[in-house]
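1. Fold the following and give me the result.
(2 chains)
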Number of protein chains: 2
Amino acid sequence: MMSKHRYPAADIAVVERVIRERRDIRHFVAGRLPDGLLDRLLEAAHLGPSVGYMQPWRFVRIVSNETRMALWGIVDAERVATAASLPTRAADFLKLKIDGIREAAEVLVVALMPGREAHLFGRRTLPEMDLASTACAIQNMWLLARAEGIGLGWVSFFDPEAVGELLEMPPGSRPIAILCLGPVAEFPAAPVLESQGWGRRLPMDEVVFEDRWKAGAGGTPTAY
Amino acid sequence: MMSKHRYPAADIAVVERVIRERRDIRHFVAGRLPDGLLDRLLEAAHLGPSVGYMQPWRFVRIVSNETRMALWGIVDAERVATAASLPTRAADFLKLKIDGIREAAEVLVVALMPGREAHLFGRRTLPEMDLASTACAIQNMWLLARAEGIGLGWVSFFDPEAVGELLEMPPGSRPIAILCLGPVAEFPAAPVLESQGWGRRLPMDEVVFEDRWKAGAGGTPTAY
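-> Next up, the predicted model:
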(Lines give C-alpha, C1' and ligand atoms only; values in the text may rest on other atoms or scores of the structure.)
Protein backbone atom coordinates (compact mmCIF):
# COMPACT_ATOMS: atom_id res chain seq x y z
CA MET A 1 0.00 0.00 0.00
CA MET A 2 1.50 3.32 -1.10
CA SER A 3 1.35 5.92 1.66
CA LYS A 4 0.02 9.43 1.00
CA HIS A 5 2.79 10.57 3.35
CA ARG A 6 5.42 9.18 0.98
CA TYR A 7 8.04 11.58 -0.38
CA PRO A 8 8.54 11.84 -4.16
CA ALA A 9 10.61 8.93 -5.53
CA ALA A 10 13.54 11.25 -6.32
CA ASP A 11 13.61 12.46 -2.71
CA ILE A 12 13.52 8.90 -1.37
CA ALA A 13 16.49 8.17 -3.64
CA VAL A 14 18.36 11.06 -1.98
CA VAL A 15 17.76 9.58 1.46
CA GLU A 16 19.00 6.17 0.29
CA ARG A 17 22.02 7.80 -1.39
CA VAL A 18 23.16 9.68 1.71
CA ILE A 19 22.75 6.55 3.85
CA ARG A 20 24.85 4.61 1.31
CA GLU A 21 27.53 7.29 0.88
CA ARG A 22 28.11 8.19 4.56
CA ARG A 23 31.61 7.23 5.67
CA ASP A 24 33.63 7.31 8.88
CA ILE A 25 36.34 9.78 7.91
CA ARG A 26 39.92 9.71 9.21
CA HIS A 27 41.65 12.13 6.78
CA PHE A 28 40.80 15.79 6.43
CA VAL A 29 42.10 18.64 4.30
CA ALA A 30 42.59 22.29 5.19
CA GLY A 31 39.59 24.57 5.23
CA ARG A 32 36.72 25.58 7.45
CA LEU A 33 33.06 24.65 7.50
CA PRO A 34 30.77 26.93 5.46
CA ASP A 35 29.22 29.70 7.59
CA GLY A 36 26.28 28.47 9.63
CA LEU A 37 26.79 24.79 8.82
CA LEU A 38 27.99 23.78 12.28
CA ASP A 39 24.80 25.20 13.79
CA ARG A 40 22.68 23.31 11.26
CA LEU A 41 24.56 20.09 12.02
CA LEU A 42 24.01 20.56 15.75
CA GLU A 43 20.32 21.28 15.16
CA ALA A 44 20.02 18.12 13.06
CA ALA A 45 21.48 16.16 15.97
CA HIS A 46 19.14 17.87 18.44
CA LEU A 47 16.22 16.66 16.29
CA GLY A 48 17.18 13.07 17.10
CA PRO A 49 14.79 10.75 18.91
CA SER A 50 15.17 10.51 22.67
CA VAL A 51 13.71 8.06 25.13
CA GLY A 52 11.14 9.78 27.36
CA TYR A 53 12.08 13.02 25.52
CA MET A 54 15.11 13.31 27.84
CA GLN A 55 17.42 14.84 25.19
CA PRO A 56 20.49 13.43 26.99
CA TRP A 57 23.06 14.71 24.46
CA ARG A 58 25.49 17.52 25.17
CA PHE A 59 28.03 18.87 22.68
CA VAL A 60 31.29 20.54 23.62
CA ARG A 61 32.81 22.39 20.68
CA ILE A 62 36.59 22.47 21.02
CA VAL A 63 37.74 26.00 20.23
CA SER A 64 41.17 26.37 21.82
CA ASN A 65 44.22 24.70 20.32
CA GLU A 66 45.45 23.75 23.80
CA THR A 67 42.29 21.75 24.48
CA ARG A 68 42.40 20.17 21.03
CA MET A 69 46.00 19.06 21.51
CA ALA A 70 45.25 17.74 24.99
CA LEU A 71 42.39 15.69 23.50
CA TRP A 72 44.75 14.38 20.83
CA GLY A 73 47.15 13.27 23.55
CA ILE A 74 44.41 11.40 25.38
CA VAL A 75 43.40 9.60 22.17
CA ASP A 76 46.99 8.80 21.21
CA ALA A 77 47.58 7.20 24.61
CA GLU A 78 44.51 4.99 24.18
CA ARG A 79 45.50 4.17 20.59
CA VAL A 80 48.72 2.65 21.95
CA ALA A 81 46.91 0.92 24.82
CA THR A 82 44.30 -0.57 22.47
CA ALA A 83 46.99 -1.83 20.09
CA ALA A 84 48.74 -3.53 23.02
CA SER A 85 45.47 -5.22 24.00
CA LEU A 86 44.65 -6.61 20.54
CA PRO A 87 45.25 -10.36 20.17
CA THR A 88 46.42 -9.79 16.60
CA ARG A 89 47.23 -6.96 14.17
CA ALA A 90 48.46 -4.51 16.78
CA ALA A 91 50.86 -3.04 14.21
CA ASP A 92 48.06 -2.58 11.68
CA PHE A 93 45.96 -0.87 14.29
CA LEU A 94 48.76 1.55 15.14
CA LYS A 95 48.84 2.60 11.49
CA LEU A 96 45.26 3.83 11.71
CA LYS A 97 45.36 7.61 11.59
CA ILE A 98 44.09 9.76 14.42
CA ASP A 99 45.45 12.95 12.86
CA GLY A 100 41.87 14.00 12.26
CA ILE A 101 41.77 15.44 15.76
CA ARG A 102 44.63 17.77 14.81
CA GLU A 103 43.59 18.41 11.20
CA ALA A 104 39.80 18.57 11.15
CA ALA A 105 38.09 21.94 10.83
CA GLU A 106 35.98 21.21 13.90
CA VAL A 107 36.22 18.84 16.85
CA LEU A 108 33.19 18.13 19.05
CA VAL A 109 33.04 16.05 22.21
CA VAL A 110 29.62 14.46 22.65
CA ALA A 111 28.59 13.50 26.17
CA LEU A 112 25.65 12.09 28.07
CA MET A 113 24.25 14.60 30.54
CA PRO A 114 24.43 14.11 34.31
CA GLY A 115 21.35 13.13 36.33
CA ARG A 116 20.18 10.54 33.83
CA GLU A 117 19.20 8.10 36.59
CA ALA A 118 16.20 10.36 37.28
CA HIS A 119 14.78 9.46 33.87
CA LEU A 120 12.95 6.14 34.16
CA PHE A 121 10.62 6.53 31.19
CA GLY A 122 11.68 3.75 28.78
CA ARG A 123 14.85 3.09 30.77
CA ARG A 124 13.83 0.97 33.76
CA THR A 125 14.99 -2.26 32.09
CA LEU A 126 17.13 -0.67 29.35
CA PRO A 127 19.08 2.17 31.00
CA GLU A 128 21.40 2.31 28.01
CA MET A 129 18.62 3.95 25.96
CA ASP A 130 20.18 7.33 26.78
CA LEU A 131 23.25 6.32 24.80
CA ALA A 132 21.06 4.91 22.02
CA SER A 133 19.25 8.25 21.72
CA THR A 134 22.53 10.15 21.54
CA ALA A 135 23.90 7.82 18.87
CA CYS A 136 20.77 8.44 16.76
CA ALA A 137 21.38 12.18 17.15
CA ILE A 138 24.96 11.77 15.93
CA GLN A 139 23.73 9.74 12.95
CA ASN A 140 21.47 12.66 11.96
CA MET A 141 24.51 14.94 12.01
CA TRP A 142 26.60 12.38 10.13
CA LEU A 143 24.09 12.11 7.27
CA LEU A 144 23.59 15.87 6.89
CA ALA A 145 27.37 16.38 6.95
CA ARG A 146 27.74 13.86 4.10
CA ALA A 147 25.07 15.62 2.05
CA GLU A 148 27.01 18.86 2.59
CA GLY A 149 30.18 17.12 1.39
CA ILE A 150 31.73 17.44 4.86
CA GLY A 151 33.51 14.47 6.43
CA LEU A 152 32.76 13.23 9.93
CA GLY A 153 34.77 10.74 11.95
CA TRP A 154 33.67 9.25 15.27
CA VAL A 155 36.67 8.52 17.49
CA SER A 156 35.77 6.13 20.32
CA PHE A 157 39.13 5.24 21.78
CA PHE A 158 39.88 7.52 24.71
CA ASP A 159 39.78 7.40 28.50
CA PRO A 160 36.39 8.90 29.44
CA GLU A 161 37.75 9.98 32.84
CA ALA A 162 40.59 11.92 31.24
CA VAL A 163 38.27 13.65 28.76
CA GLY A 164 35.80 14.45 31.54
CA GLU A 165 38.54 16.08 33.59
CA LEU A 166 39.88 18.04 30.63
CA LEU A 167 36.46 19.50 29.80
CA GLU A 168 35.44 19.95 33.45
CA MET A 169 32.45 17.68 33.00
CA PRO A 170 30.18 17.27 36.03
CA PRO A 171 29.92 13.97 37.93
CA GLY A 172 27.43 11.62 36.28
CA SER A 173 28.09 12.86 32.76
CA ARG A 174 29.97 10.61 30.31
CA PRO A 175 31.78 11.49 27.07
CA ILE A 176 30.96 8.94 24.38
CA ALA A 177 32.36 10.45 21.17
CA ILE A 178 35.02 12.73 19.79
CA LEU A 179 33.69 13.89 16.44
CA CYS A 180 36.07 15.28 13.81
CA LEU A 181 34.37 17.36 11.11
CA GLY A 182 35.77 19.08 8.07
CA PRO A 183 36.45 19.21 4.34
CA VAL A 184 37.91 16.04 2.85
CA ALA A 185 39.78 15.15 -0.35
CA GLU A 186 37.44 12.24 -0.99
CA PHE A 187 34.76 10.00 0.43
CA PRO A 188 35.98 6.41 0.02
CA ALA A 189 33.78 4.16 -2.14
CA ALA A 190 33.89 1.48 0.59
CA PRO A 191 34.40 1.66 4.36
CA VAL A 192 38.12 2.00 5.09
CA LEU A 193 38.09 -0.96 7.49
CA GLU A 194 36.64 -3.07 4.68
CA SER A 195 39.14 -1.98 2.01
CA GLN A 196 41.96 -2.44 4.54
CA GLY A 197 40.76 -5.99 5.18
CA TRP A 198 39.77 -5.51 8.82
CA GLY A 199 36.43 -7.12 8.15
CA ARG A 200 33.94 -8.19 5.50
CA ARG A 201 30.42 -6.94 5.07
CA LEU A 202 28.02 -9.55 6.43
CA PRO A 203 25.36 -10.89 4.01
CA MET A 204 21.81 -9.94 5.00
CA ASP A 205 20.84 -13.51 5.90
CA GLU A 206 23.44 -13.46 8.69
CA VAL A 207 21.84 -10.45 10.35
CA VAL A 208 18.10 -10.94 9.67
CA PHE A 209 16.15 -13.85 11.17
CA GLU A 210 12.45 -14.80 11.38
CA ASP A 211 10.51 -15.31 14.63
CA ARG A 212 13.47 -16.99 16.36
CA TRP A 213 17.21 -16.52 16.45
CA LYS A 214 18.69 -18.52 13.57
CA ALA A 215 20.22 -21.68 15.06
CA GLY A 216 23.97 -21.46 15.02
CA ALA A 217 24.04 -17.79 14.08
CA GLY A 218 26.68 -16.17 16.24
CA GLY A 219 28.60 -12.94 16.21
CA THR A 220 30.78 -11.41 13.53
CA PRO A 221 33.66 -13.81 12.77
CA THR A 222 36.56 -11.38 12.40
CA ALA A 223 37.10 -9.86 15.82
CA TYR A 224 39.80 -7.43 16.92
CA MET B 1 34.46 26.67 1.80
CA MET B 2 31.95 24.88 -0.44
CA SER B 3 32.81 21.23 -0.93
CA LYS B 4 32.86 19.66 -4.41
CA HIS B 5 31.35 16.61 -2.70
CA ARG B 6 28.29 18.63 -1.70
CA TYR B 7 24.89 17.40 -2.87
CA PRO B 8 22.63 19.83 -4.79
CA ALA B 9 20.86 22.28 -2.47
CA ALA B 10 17.47 20.65 -3.16
CA ASP B 11 18.85 17.26 -2.09
CA ILE B 12 20.35 18.70 1.10
CA ALA B 13 16.90 20.16 1.83
CA VAL B 14 15.44 16.64 1.52
CA VAL B 15 17.92 15.31 4.10
CA GLU B 16 17.05 18.14 6.49
CA ARG B 17 13.32 17.59 5.89
CA VAL B 18 13.39 13.88 6.69
CA ILE B 19 15.45 14.53 9.84
CA ARG B 20 12.90 17.18 10.89
CA GLU B 21 9.80 15.11 10.04
CA ARG B 22 10.86 11.76 11.58
CA ARG B 23 8.58 10.82 14.50
CA ASP B 24 8.36 8.04 17.07
CA ILE B 25 5.02 6.50 16.08
CA ARG B 26 2.59 4.82 18.49
CA HIS B 27 -0.53 4.56 16.32
CA PHE B 28 -0.78 2.55 13.12
CA VAL B 29 -3.55 1.87 10.60
CA ALA B 30 -4.33 -1.30 8.70
CA GLY B 31 -2.24 -2.18 5.69
CA ARG B 32 1.02 -3.81 4.77
CA LEU B 33 4.38 -2.41 3.73
CA PRO B 34 4.85 -1.98 -0.03
CA ASP B 35 6.59 -4.99 -1.62
CA GLY B 36 10.31 -4.99 -1.07
CA LEU B 37 10.32 -2.07 1.37
CA LEU B 38 11.15 -4.13 4.46
CA ASP B 39 14.27 -5.44 2.73
CA ARG B 40 15.31 -1.91 1.76
CA LEU B 41 14.76 -0.71 5.33
CA LEU B 42 16.89 -3.56 6.68
CA GLU B 43 19.61 -2.80 4.12
CA ALA B 44 19.57 0.87 5.13
CA ALA B 45 20.12 -0.22 8.73
CA HIS B 46 22.91 -2.59 7.71
CA LEU B 47 24.66 0.38 6.06
CA GLY B 48 25.00 1.98 9.48
CA PRO B 49 28.42 2.77 10.95
CA SER B 50 29.90 0.16 13.25
CA VAL B 51 32.88 0.38 15.59
CA GLY B 52 35.72 -1.78 14.32
CA TYR B 53 33.34 -2.84 11.51
CA MET B 54 31.78 -5.34 13.93
CA GLN B 55 28.22 -4.99 12.55
CA PRO B 56 26.77 -6.01 15.93
CA TRP B 57 23.10 -5.63 14.92
CA ARG B 58 20.73 -8.57 14.45
CA PHE B 59 17.08 -8.24 13.40
CA VAL B 60 14.38 -10.76 14.22
CA ARG B 61 11.30 -10.23 12.09
CA ILE B 62 8.20 -11.36 13.98
CA VAL B 63 6.09 -13.42 11.61
CA SER B 64 3.82 -15.56 13.80
CA ASN B 65 0.87 -14.05 15.64
CA GLU B 66 1.68 -16.15 18.72
CA THR B 67 5.14 -14.61 19.00
CA ARG B 68 3.76 -11.12 18.38
CA MET B 69 1.16 -11.52 21.12
CA ALA B 70 3.74 -12.94 23.51
CA LEU B 71 5.91 -9.88 22.84
CA TRP B 72 2.95 -7.63 23.50
CA GLY B 73 2.41 -9.36 26.83
CA ILE B 74 6.04 -8.80 27.83
CA VAL B 75 5.77 -5.10 26.96
CA ASP B 76 2.43 -4.67 28.72
CA ALA B 77 3.88 -6.16 31.92
CA GLU B 78 6.79 -3.70 31.81
CA ARG B 79 4.42 -0.82 31.00
CA VAL B 80 2.65 -1.49 34.30
CA ALA B 81 5.95 -1.96 36.18
CA THR B 82 7.39 1.28 34.78
CA ALA B 83 4.24 3.21 35.71
CA ALA B 84 4.50 1.89 39.26
CA SER B 85 8.14 3.04 39.43
CA LEU B 86 7.51 6.60 38.23
CA PRO B 87 7.64 9.22 40.98
CA THR B 88 4.87 11.15 39.25
CA ARG B 89 2.36 10.81 36.40
CA ALA B 90 2.03 7.04 36.59
CA ALA B 91 -1.55 7.36 35.35
CA ASP B 92 -0.47 9.46 32.38
CA PHE B 93 2.19 6.92 31.53
CA LEU B 94 -0.34 4.09 31.59
CA LYS B 95 -2.36 5.98 28.98
CA LEU B 96 0.52 5.77 26.51
CA LYS B 97 -0.45 3.32 23.81
CA ILE B 98 1.49 0.15 23.12
CA ASP B 99 -1.09 -1.17 20.71
CA GLY B 100 1.48 -0.63 17.97
CA ILE B 101 2.85 -4.07 18.71
CA ARG B 102 -0.55 -5.57 17.89
CA GLU B 103 -1.49 -3.18 15.07
CA ALA B 104 1.69 -2.44 13.14
CA ALA B 105 2.23 -4.08 9.77
CA GLU B 106 5.66 -5.33 10.90
CA VAL B 107 7.35 -5.90 14.24
CA LEU B 108 11.13 -6.31 14.45
CA VAL B 109 13.21 -7.13 17.51
CA VAL B 110 16.69 -5.64 17.25
CA ALA B 111 19.44 -7.27 19.28
CA LEU B 112 23.17 -7.03 19.89
CA MET B 113 24.97 -10.16 18.74
CA PRO B 114 26.73 -12.54 21.15
CA GLY B 115 30.52 -12.64 21.42
CA ARG B 116 30.91 -8.88 21.44
CA GLU B 117 33.58 -9.02 24.14
CA ALA B 118 35.97 -10.35 21.47
CA HIS B 119 35.76 -7.00 19.66
CA LEU B 120 38.20 -4.59 21.31
CA PHE B 121 38.69 -2.22 18.38
CA GLY B 122 37.29 1.11 19.59
CA ARG B 123 35.65 -0.57 22.61
CA ARG B 124 38.40 -1.05 25.18
CA THR B 125 37.33 2.02 27.16
CA LEU B 126 33.85 2.44 25.61
CA PRO B 127 32.35 -1.06 25.38
CA GLU B 128 28.93 0.48 24.82
CA MET B 129 29.96 1.44 21.27
CA ASP B 130 28.27 -1.74 20.03
CA LEU B 131 24.95 -0.33 21.16
CA ALA B 132 25.81 3.07 19.68
CA SER B 133 26.48 1.46 16.29
CA THR B 134 23.18 -0.41 16.39
CA ALA B 135 21.26 2.76 17.31
CA CYS B 136 22.81 4.53 14.29
CA ALA B 137 21.65 1.61 12.12
CA ILE B 138 18.11 1.96 13.47
CA GLN B 139 18.19 5.72 12.78
CA ASN B 140 19.01 4.97 9.12
CA MET B 141 15.94 2.74 8.96
CA TRP B 142 13.82 5.33 10.78
CA LEU B 143 14.67 8.09 8.30
CA LEU B 144 14.10 5.96 5.20
CA ALA B 145 10.79 4.75 6.64
CA ARG B 146 9.69 8.38 7.12
CA ALA B 147 10.61 9.24 3.54
CA GLU B 148 8.50 6.26 2.44
CA GLY B 149 5.60 7.57 4.55
CA ILE B 150 5.84 4.56 6.87
CA GLY B 151 5.71 5.04 10.64
CA LEU B 152 8.29 3.53 12.99
CA GLY B 153 8.06 3.32 16.76
CA TRP B 154 10.91 2.21 19.02
CA VAL B 155 9.55 0.45 22.11
CA SER B 156 12.17 0.21 24.87
CA PHE B 157 10.18 -0.98 27.85
CA PHE B 158 10.45 -4.75 28.10
CA ASP B 159 12.34 -7.35 30.11
CA PRO B 160 15.36 -8.26 27.93
CA GLU B 161 15.56 -11.70 29.57
CA ALA B 162 11.95 -12.49 28.70
CA VAL B 163 12.38 -11.36 25.09
CA GLY B 164 15.62 -13.32 24.79
CA GLU B 165 13.90 -16.47 26.01
CA LEU B 166 10.92 -15.97 23.71
CA LEU B 167 13.12 -15.59 20.62
CA GLU B 168 15.61 -18.27 21.72
CA MET B 169 18.46 -15.76 21.66
CA PRO B 170 21.93 -17.15 22.48
CA PRO B 171 23.77 -16.24 25.69
CA GLY B 172 25.63 -12.95 25.34
CA SER B 173 23.12 -11.42 22.92
CA ARG B 174 20.86 -8.61 24.13
CA PRO B 175 17.59 -7.28 22.68
CA ILE B 176 17.60 -3.46 22.69
CA ALA B 177 14.56 -2.51 20.63
CA ILE B 178 11.12 -3.63 19.55
CA LEU B 179 10.41 -1.74 16.35
CA CYS B 180 6.84 -1.32 15.12
CA LEU B 181 6.56 -0.40 11.43
CA GLY B 182 3.56 0.30 9.26
CA PRO B 183 1.18 2.71 7.56
CA VAL B 184 -0.06 5.58 9.73
CA ALA B 185 -2.97 8.01 9.58
CA GLU B 186 -0.63 10.94 10.20
CA PHE B 187 2.83 12.00 11.28
CA PRO B 188 2.38 14.42 14.20
CA ALA B 189 3.74 17.94 13.61
CA ALA B 190 5.51 17.79 17.01
CA PRO B 191 6.83 14.87 19.08
CA VAL B 192 3.90 13.29 20.97
CA LEU B 193 5.72 13.57 24.33
CA GLU B 194 6.08 17.31 23.68
CA SER B 195 2.46 17.93 22.71
CA GLN B 196 1.34 15.80 25.69
CA GLY B 197 3.44 17.98 27.98
CA TRP B 198 5.92 15.31 29.06
CA GLY B 199 8.84 17.57 28.26
CA ARG B 200 9.93 20.72 26.48
CA ARG B 201 12.46 20.96 23.70
CA LEU B 202 15.73 22.28 25.15
CA PRO B 203 17.15 25.46 23.58
CA MET B 204 20.44 24.92 21.75
CA ASP B 205 22.47 26.86 24.30
CA GLU B 206 21.55 24.29 26.95
CA VAL B 207 23.04 21.44 24.90
CA VAL B 208 26.01 23.09 23.15
CA PHE B 209 29.04 24.40 25.08
CA GLU B 210 32.50 25.69 24.11
CA ASP B 211 35.78 24.12 25.24
CA ARG B 212 34.46 23.36 28.73
CA TRP B 213 31.18 22.18 30.21
CA LYS B 214 29.02 25.23 30.85
CA ALA B 215 29.13 25.95 34.58
CA GLY B 216 25.82 25.01 36.17
CA ALA B 217 24.55 23.22 33.11
CA GLY B 218 22.97 19.99 34.33
CA GLY B 219 20.59 17.45 32.94
CA THR B 220 17.14 17.85 31.46
CA PRO B 221 14.80 19.32 34.10
CA THR B 222 11.60 17.33 33.57
CA ALA B 223 12.44 13.77 34.52
CA TYR B 224 10.12 10.75 34.69
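
2. Pull out the buried positions in stretch A:169-183.
-> A:169-170, A:173-183 (16 or more other CB atoms under 10 Å in any protein chain shown). All C-beta spots, glycine's among them, are computed from the backbone N, C-alpha and C.

3. A strand includes residue A:58, no?
-> Yes - under DSSP: H, G, I helix; E, B strand; the rest coil, residue A:58 sits within a strand.

4. out of everything not next to it in sequence, what's closest to it?
-> Excluding the flanking residues, the one nearest residue A:58 by CB to CB, 6 or more residues apart in numbering or on different chains is residue A:111, at 4.8 Å.

5. Could you list the single helix or strand in chain A with the lowest mean pLDDT?
-> helix A:90-95 (a mean of 82; mean pLDDT, DSSP states H and E).

6. That helix packs against which elements?
-> For helix A:90-95, the elements it packs on are helix A:65-85, judged by 3 or more CB pairs under 8 Å, 6 or more residues apart in numbering or on different chains; DSSP states H and E.

7. Just confirm yes or no for the helix it packs on near chain B.
-> Yes - using CB under 8 Å from any CB of the partner chain, helix A:65-85 comes into contact with chain B via A:67, A:78, A:81-82, A:85.

8. Show me just the buried residues among these.
-> By 16+ other CB under 10 Å, the residues of helix A:65-85 next to chain B give A:67, A:78, A:82 as buried.

9. Next secondary structure after the longest strand along chain A?
-> Of all the elements of type strand in chain A, the one with the most residues (DSSP state E) is strand A:174-183. Proceeding N to C from strand A:174-183, the next assigned helix or strand is helix A:192-195, under DSSP states H and E.

10. any idea how far that following helix is from the chain center?
-> 16 Å (CA atoms, centre = their mean, to the nearest Å).

11. That one - contacts with which helices or strands?
-> Against helix A:192-195 (3+ CB pairs under 8 Å, 6+ apart) you get no helix or strand.

12. that older thread, strand partners (parallel or antiparallel) of the longest strand of chain A?
-> Pairing partners of strand A:174-183, with direction, according to DSSP bridges: strand A:106-112 (antiparallel), strand A:150-155 (antiparallel).

13. Mean neighbour count and mean pLDDT for those - can I get that in TSV?
-> Output for these, formatted as TSV (neighbours: other CB atoms under 10 Å in any protein chain shown; pLDDT from 0 to 100):
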stretch	mean neighbour count	mean pLDDT
strand A:106-112	23	98
strand A:150-155	26	97
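
14. Compare those strands and give me the one nearest residue B:107.
-> For residue B:107, the closest of the strands paired with strand A:174-183 is strand A:106-112, at 28.7 Å, according to CB to CB.

15. Specify the beta-bridge partners of the most centrally placed residue in chain A.
-> With distances taken as CA atoms, centre = their mean, the residue of chain A nearest its centroid is residue A:154 (3.9 Å). Beta bridges link residue A:154 to residue A:179, judged by DSSP bridges.

16. Residue A:177 is in contact with that one, correct?
-> Yes - counting by CB atoms under 8 Å, residue A:154 does reach residue A:177; the two are 5.3 Å apart.

17. shared neighbours of the two, which are they?
-> residue A:138 (CB atoms under 8 Å, 6 or more residues apart in numbering or on different chains).

18. re earlier: what's the farthest-apart pair in the buried residues of stretch A:169-183?
-> The distance between the two most remote of the buried residues of stretch A:169-183 (CB to CB) is 33.8 Å, for A:170 and A:183.

19. need the contact list for residue A:49.
-> Residue A:49 neighbours (CB under 8 Å, 6+ apart): A:133, A:136, B:22, B:24, B:139, B:142, B:154.

20. Count the residues that sit near the nearest residue to residue A:67 once chain neighbours are set aside.
-> Once flanking residues are discounted, residue A:67 sits nearest to residue B:211: 5.3 Å by CB to CB, 6+ apart. Around residue B:211 there are 16 other residues, counting by other CB atoms under 10 Å in any protein chain shown.
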